[in-house]
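Peer 1: prediction below, plus the sequence it came from.
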Amino acid sequence: MVPHGDADGSMEYIDYYKVLGVPRNATQEEIRRAYRKRARKYHPDVNKDEGAEAEFKRINEAHEVLKDPQKRKRYDAYGKDWQHVANHGSDDWEQVFRGSSGGSAQTRTFRFGRDGSFAETGGFSDFFNNLFGGGHAQHGQDFRSFSRSGRSHEANLTVTLRDIIDGATKSISLQAHDMDGSRSARPSSKTLQVKLPRGVTEGSVIRLSGQGEPGFGGGAPGDLHLRIHIAEDPRFTVDGYDLHTVVHVAPWEAALGAKITVQTVDGSVSLTVPKRSQNGRKLRIRGKGLPGKNGQAGDIIVELEVRMPTVLTEEQERLFAELSAKSDFDPRQRGGQRAAA
């Protein structure tokens, strides 16, 4: 990030989203497209207008931050102070406070430690003293009562239908920053084993207590919320704990009734097709859906789709012709035409 100073020596806030012309909830692909478009417009080799080069640098600076998920996360959380968090990792961070004391504006920068201590990088101000309760504060004093709970974070966890049925254990990796002996932040990671509890489905949230952002000054750590997303399955769509599927049947199976095999998530079952079943009829297989919280499972909803053979032998054609001659069924007799869906 290129520094931009105000007259008082503090860092100027630059709205990187505004620089690229994207909303704050823009996707990475939208950010990439916006960067390419604006970079071409303001590239010094193309745009000779005064200020184009400076704008080109701002565009690159904005892109360098917003294209990186970790930098973007810190920028969204801390604004112009995001780099202090990046430099000092999860143990220390600096914050600029602005305020007034005794009628005069004050601007000071303070560095906080996870143990609750703080120190001002410049002289101590009455503003910060008053902020924490009055004249008893001394420069370099530990404020053990100043604490903050860590923020909770949310992440997505994609699972399969079989994972849910089996109550599988999934491994997830978390990225963090630790402080080394020289007080520099270094990336670290940890792996958690998460067993899927009974009752999860699309959109469910699993809370991992204490696995979020560390607390400040002895504050409790935040939680990690895992939002469940179910991977697409070619056989089923998910509706809560019920699963929907379409199964093809032959015309004679629909007309005469039949026993057919229907796949479940972890096997198969035999399903009775009643006589004279219509195309689109729905049948229910109880208890073969996703397991629910109350000990009962959802169902599989089977929709019948009558399919005609594409190839007929002479004998089969003769039999269909005989059926046609003997049947008085007219499918268009009552409401046999309607607008397409």
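Peer 2: Good, I have the coordinates. Residues are numbered from 1 along each chain as shown.
Peer 1: counting by contacts, list what the helix or strand where Glu55 lies packs against.
Peer 2: Glu55 belongs to helix 52-66 when elements are defined using DSSP states H and E. Helix 52-66 sits against helix 16-20, helix 28-42, helix 69-78, with contacts defined as 3 or more Cβ pairs under 8 Å, 6 or more residues apart in numbering; DSSP states H and E. In short, each C-beta sits where N, CA and C put it, glycine included.
Peer 1: any regions of the stretch 51-200 of the chain where pLDDT drops low?
Peer 2: Counting by pLDDT under 70, the stretch 51-200 of the chain shows low-confidence ranges at 80-146, 176-186.
Peer 1: elements contacting the helix or strand hosting Glu154?
Peer 2: Here Glu154, judged by DSSP H and E, is contained in strand 153-159. Under the contact criterion of 3+ Cβ pairs under 8 Å, 6+ apart, the helices and strands touching strand 153-159 comprise strand 169-179, strand 224-230.
Peer 1: okay, buried residues for the helix or strand following that strand please.
Peer 2: Read in the C-terminal direction, the helix or strand following strand 153-159 is helix 161-166, with elements assigned using DSSP H and E. Of the residues in helix 161-166, Leu161, Asp163, Ile164, Ile165 count as buried by neighbour count, 16 or more other Cβ atoms under 10 Å.
Peer 1: would you agree Ser270 is in contact with Ile260?
Peer 2: Yes: with contacts counted by Cβ atoms under 8 Å, Ser270 reaches Ile260, the gap being 7.4 Å.
Peer 1: show me which of these two is the more surrounded one.
Peer 2: Counting neighbours by other Cβ atoms under 10 Å for Ser270 and for Ile260 shows that Ile260 has the greater number, 17 against 9.
Peer 1: let's verify the more buried one: helix, strand, or coil?
Peer 2: Applying DSSP: H, G, I helix; E, B strand; the rest coil to Ile260 yields a three-state assignment of strand.
Peer 1: report pLDDT for it.
Peer 2: pLDDT recorded at Ile260 is 96.
Peer 1: on that earlier part again, nearest to Gly240, of the helices and strands packed on strand 153-159?
Peer 2: Go through these one by one with Cβ to Cβ and the one that ends up closest to Gly240 is strand 224-230, at 11.4 Å.
Peer 1: contacts for that closest one next, please.
Peer 2: Strand 224-230 has contacts (Cβ atoms under 8 Å, 6 or more residues apart in numbering) with 152-161, 164, 172, 174, 194, 196, 200-208, 211-212, 238.
Peer 1: repeat that for 6 Å
Peer 2: 153-158, 200, 202, 204-208, 211-212, 238 (Cβ atoms under 6 Å, 6 or more residues apart in numbering).
Peer 1: that strand pairs with which strands?
Peer 2: strand 153-159 (parallel), strand 205-208 (antiparallel) (DSSP bridges).
Peer 1: among these, which is nearest Val65?
Peer 2: Taking Cβ to Cβ as the criterion, strand 153-159 is the member of the strands paired with strand 224-230 that comes nearest to Val65, at 19.3 Å.
Peer 1: ok so, going back, mind checking which of the strands paired with strand 224-230 is nearest Glu55?
Peer 2: Distances from Glu55 to each of the strands paired with strand 224-230 were compared using Cβ to Cβ; the shortest belongs to strand 153-159, at 34.4 Å.
Peer 1: can I see the domain layout of this protein?
Peer 2: Per automatic domain parsing, the domain ranges recorded for the chain read 1-88, 95-146, 153-230, 237-316.
Peer 1: picking that back up, out of the contacts of strand 224-230, which are buried?
Peer 2: With neighbours counted using 16+ other Cβ under 10 Å, the contacts of strand 224-230 contain these buried positions: His153, Leu157, Val200, Glu202, Ser204, Ile206, Leu208, Gln211, Gly212, Val238.
Peer 1: need those in TSV (columns: distance to Ala34).
Peer 2: Supplementary listing: these in TSV, determined by distance: Cβ to Cβ, whole Å:
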residue	distance to Ala34
His153	26
Leu157	30
Val200	37
Glu202	31
Ser204	34
Ile206	34
Leu208	35
Gln211	34
Gly212	31
Val238	34
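Peer 1: max pairwise distance over these: which two?
Peer 2: When Cβ to Cβ is used, the two most widely separated members of the buried ones among the contacts of strand 224-230 are Gly212 and Val238, lying 28.0 Å apart.
Peer 1: sorry, back to before: return the member of the contacts of strand 224-230 nearest to Glu253.
Peer 2: Distances from these to Glu253 were compared by Cβ to Cβ; the smallest belongs to Val238, at 27.2 Å.
Peer 1: contacting residues around Leu196?
Peer 2: For Leu196, the contact set (Cβ under 6 Å, 6+ apart) comprises Ile164, Gly167, Ala168.
Peer 1: as a markdown table, those residues with distance to Pro274 would be great.
Peer 2: Listed next are these as a markdown table, based on distance: Cβ to Cβ, whole Å:
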| residue | distance to Pro274 |
| --- | --- |
| Ile164 | 31 |
| Gly167 | 35 |
| Ala168 | 37 |
